[in-house]
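A.B. asks: below are the sequence and a predicted model for it; my questions follow.
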Amino acid sequence: MHTSISKSTLILSLAFTAAAMYAAPAAAATKSRSNYQNAGGNCHAANGLHDIERMKRNPLGYRNAPTAGSGDDEDEDDDIRSKGDSASNTSNTTTGNVQVICNFAADVFSIGNPNSGHIIKVVQLFARNTLTDSDKGMACTITAGYATSSTNYSNTKSMTLPKSGVQQRLSWSSADNGGRYLPGPASVVCSVPVGVELNDAIIVFDVDVGS
Amino acid sequence: MQSSCSTLMSAADPSSRISPALSPARVLLIVAGGGLLLWNAITIARLGDRLEILEATSSSAAERLDSGSELTARSQPGRARPSGTGFAFPGDGDPVHHLDNLKESQEQISPAEMARDFDSRLAMEPANHEQERRAQQWLMKAQAATQGDDAPRARNVATTCRGQRCLTSASFRNDADAQAWATQYLLNAGGNILGNSRTVILPAQNGGSVTLQLYQF
């Protein structure tokens, strides 16, 4: 037994099927992305001589090393916090703070807020005190933007690094810039006290990952 | 034209019936077949679009490497882009032109204009004597610490505060000295009272010294 179907019903069915099978372009989806790096390879002293004479690199960090009377602490174990013998190293220290610049790689395609000029969501820098004699204070300034830009952004923050050696962090985000993301690219300059080691650092930005 | 009109009219005519041989199963088969053809056409069109983007990306990258236009474009952000390359939206793979466009979209003003802008913001700031006194004391310490560091020597250092804003001005031999001193000064100030800052360096007039205008807010 055959059931008759009107042409209009058939056409409507075809149209409905076509519409259902056509995937309309969905709204763009945004996800956060990050670059996560250690300071040992990513940071440099502003003064090249300080880079050679006063700072020490290791895979996990970049440290303003106390200089002993011998002038050589190559044999020092970077992973062991300075105690005992190294306390005398501290007393022989003739160095002061070193100005260090760290770079944060961003993505020019990242999604801006409120516009494409403001692309950096968060920057965080971790550090620790490798000496046990006293807590250390460290100030860092983020400069976000490029030379000659009218929208450059700078913000200075300080933190205390306890003699316990526990890592602390400095963080910059849109909360520091009236809700707007920071302009890119970004660098952070720190005045690193003797015994303080810059460790890991992260930058976060949003990217369009399609529909 | 006449025939298509008559087809439409007959399709809209509820009294018109198709052949009884067109069973629901056949209708379903026809609908599924039609949908499959449509889906294939859409997929092919999308693949074509992606291929065009890939071709455009590889050719523009090759052009930049050949001509060295990348450096030229960066040094002249206001110039017109080479023909055949449009604005690069996220995802279409042309970061150099995207950066050019980004820079062109941003206002670039001279140091003098920037200084005037921040001067006017400072002047409009509501006064707060207690805040100003605390900020000035703190910045005096930062200044003394900076002079004690191995920072370049500053001359004619002066600090003015109004409400939540301060301006520190000083003279230096050159731009590099001014920048180095400002960086060290900000680190010594530590952001404890005024965290945000803008460094403006006014060029030397008649071979004289450059002027640093460091705004904190």
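C.D. replies: Received the coordinates, thanks.

A.B. asks: just say helix, strand or coil for residue A:143.
C.D. replies: Assigned by DSSP: H, G, I helix; E, B strand; the rest coil, the conformation of residue A:143 is strand.

A.B. asks: now do the SS call for the nearest residue in space to it that is not next to it in sequence.
C.D. replies: Sequence neighbours aside, residue A:154 is the residue nearest to residue A:143 in space, at 4.9 Å (criterion: Cβ to Cβ, 6 or more residues apart in numbering or on different chains). Glycine gets a C-beta too; all of them are placed from N, C-alpha and C. On the three-state scheme (three-state DSSP), residue A:154 is labelled strand.

A.B. asks: for residue A:154, list each beta-bridge partner.
C.D. replies: residue A:143, residue B:197 (DSSP bridges).

A.B. asks: hmm, it is touching residue B:191, no?
C.D. replies: No: assessed by Cβ atoms under 8 Å, residue A:154 is found out of contact with residue B:191, at 9.7 Å.

A.B. asks: now list whatever residues contact both of those two.
C.D. replies: Counting by Cβ atoms under 8 Å, 6 or more residues apart in numbering or on different chains, the common neighbours of residue A:154 and residue B:191 are residue A:141.

A.B. asks: quick revisit: how many neighbours does the residue nearest to residue A:143 have?
C.D. replies: 23 (other Cβ atoms under 10 Å in any protein chain shown).

A.B. asks: next one, pLDDT for residue B:193 please.
C.D. replies: Listed pLDDT for residue B:193 reads 89.

A.B. asks: revised request: answer the last question for residue B:94.
C.D. replies: On pLDDT, residue B:94 comes in at 76.

A.B. asks: and what of residue B:205?
C.D. replies: Taking residue B:205 on its own, its pLDDT is 84.

A.B. asks: list the buried ones in whatever helix or strand residue A:159 lives in?
C.D. replies: Residue A:159 is located in strand A:153-161, with elements delineated by DSSP states H and E. Within strand A:153-161, the residues that qualify as buried are A:153, A:154, A:155, A:156, A:157, A:158, A:159, A:161, counting by 16 or more other Cβ atoms under 10 Å in any protein chain shown.

A.B. asks: mind listing what the spatially closest residue to the last one that is not a sequence neighbour touches?
C.D. replies: Closest residue to residue A:161 apart from its sequence neighbours, by Cβ to Cβ, 6+ apart: residue A:129 at 3.9 Å. Residue A:129 makes contacts with A:135, A:136, A:161, A:162, A:163, A:164, A:165, A:195, A:196, A:197, as judged by Cβ under 8 Å, 6+ apart.

A.B. asks: now, of those residues, which are buried?
C.D. replies: Here, 16+ other Cβ under 10 Å leaves A:136, A:161, A:163, A:195, A:196, A:197 buried among these.

A.B. asks: where does residue B:130 fall, secondary structure wise?
C.D. replies: helix B:129-148.

A.B. asks: average pLDDT for that helix, rounded please.
C.D. replies: 94.

A.B. asks: against which helices or strands is it packed?
C.D. replies: If you count contacts as 3 or more Cβ pairs under 8 Å, 6 or more residues apart in numbering or on different chains; DSSP states H and E, helix B:129-148 packs onto strand B:155-162, strand B:165-172, helix B:175-189.

A.B. asks: which residues does the longest one contact?
C.D. replies: By Cβ under 8 Å, 6+ apart, the residues outside helix B:175-189 that reach it are A:46, A:99, A:139-141, A:154, A:156, A:189-191, B:138-139, B:141-143, B:145-146, B:149, B:151-154, B:168, B:170, B:172, B:197, B:199, B:201, B:203, B:210-212, B:214, B:216.

A.B. asks: tell me the mean pLDDT over it?
C.D. replies: On average, helix B:175-189 scores 95.
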